[in-house]
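A.B. asks: Provided below for reference: sequence and predicted model.
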Amino acid sequence: MNKWRDVRADYLAWLRTFPLLTEIGRPGDTPEIVSPSDAPVYVDVAFGSKRTHEAEARAQKHLTDAEIDSIIDEVAAVIDENLLRFDPLVAYYGRFFPDGDAGRIEDEREAAYSVKRDLAWAATERAVGDTGFFSGLLEWYDRGRWPVGWAGKYPAGHIRVL
């Protein structure tokens, strides 16, 4: 947990200021960026779940479950300080579904949960000095993108971002 103390302030400051999802659904010039389409893109829950279990197993070699939970809770609380930052996500799904659509609301919740999960596990990786999968997502979040899955058979292939 000492390493988390070392990186905590910088990470939490970054969480409060990075361009959360500002570029989702916009075209890009790299193969990782999913091209805009007439259908919404969803996060690959099964892929994310596998990466989460891997990160958790690595973290448990260095931290207790309570310490891991504490990092995850702290990251979620900082993200929740300004939920308006999720407006680009709401606008993205608004392109495809009307306001109040129950499926859209669930899609938005699942997407927001995946963002919090990614950022919390990246913090946990930093806390144990691991430059794992989730730490690698931070460059995409820093660019206002949302990692949604993987192209190819992991670890070969590349990340897919919206």
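C.D. replies: All right, it came through fine.

A.B. asks: show me where this protein has helices.
C.D. replies: All helices of the chain, identified by DSSP state H, fall at 2-17, 45-59, 65-80, 87-94, 102-127, 133-142.

A.B. asks: Minimum distance to Lys153: which of these has it?
C.D. replies: If you check each of those against Lys153 by Cβ to Cβ, helix 45-59 wins as the nearest, at 10.8 Å. No exception for glycine: its C-beta is placed from N, CA and C like everyone else's.

A.B. asks: Contacts for that closest one, please.
C.D. replies: Here helix 45-59 makes contact (Cβ atoms under 8 Å, 6 or more residues apart in numbering) with 68, 110, 114, 117-118, 121, 124-125, 127-128, 130, 132-134, 149-150, 154.

A.B. asks: now the protein, which segments are flagged as low pLDDT?
C.D. replies: Applying pLDDT under 70 to the chain picks out residues 1-2.

A.B. asks: Gly25: which of the helices of the chain is closest?
C.D. replies: helix 87-94 (4.7 Å).

A.B. asks: Find the residue closest to Pro27 in space, skipping its chain neighbours.
C.D. replies: Among residues not flanking Pro27 along the chain, Pro36 sits closest, at 5.9 Å (Cβ to Cβ, 6 or more residues apart in numbering).

A.B. asks: quick one, phi/psi of that neighbour?
C.D. replies: phi -60, psi 150 (degrees, to the nearest 10).

A.B. asks: For it, give me its contacts.
C.D. replies: Here Pro36 is in contact with 25-27 (criterion: Cβ under 8 Å, 6+ apart).

A.B. asks: on that earlier part again, quick one: buried ones out of the contacts of helix 45-59?
C.D. replies: Among the contacts of helix 45-59, those classed as buried by 16 or more other Cβ atoms under 10 Å are 68, 114, 117-118, 121, 124-125, 127-128, 130, 132-134, 149-150.

A.B. asks: neighbours of Thr17, just the number please.
C.D. replies: Using other Cβ atoms under 10 Å, Thr17 has 9 neighbouring residues.

A.B. asks: Then Thr52?
C.D. replies: Thr52: 17 neighbours (other Cβ under 10 Å).

A.B. asks: just Asp101 next, same as before
C.D. replies: 14.

A.B. asks: Among the contacts of Pro36, which one has the most neighbours?
C.D. replies: Gly25 leads the contacts of Pro36 on contacts (other Cβ under 10 Å) with 21 neighbours.
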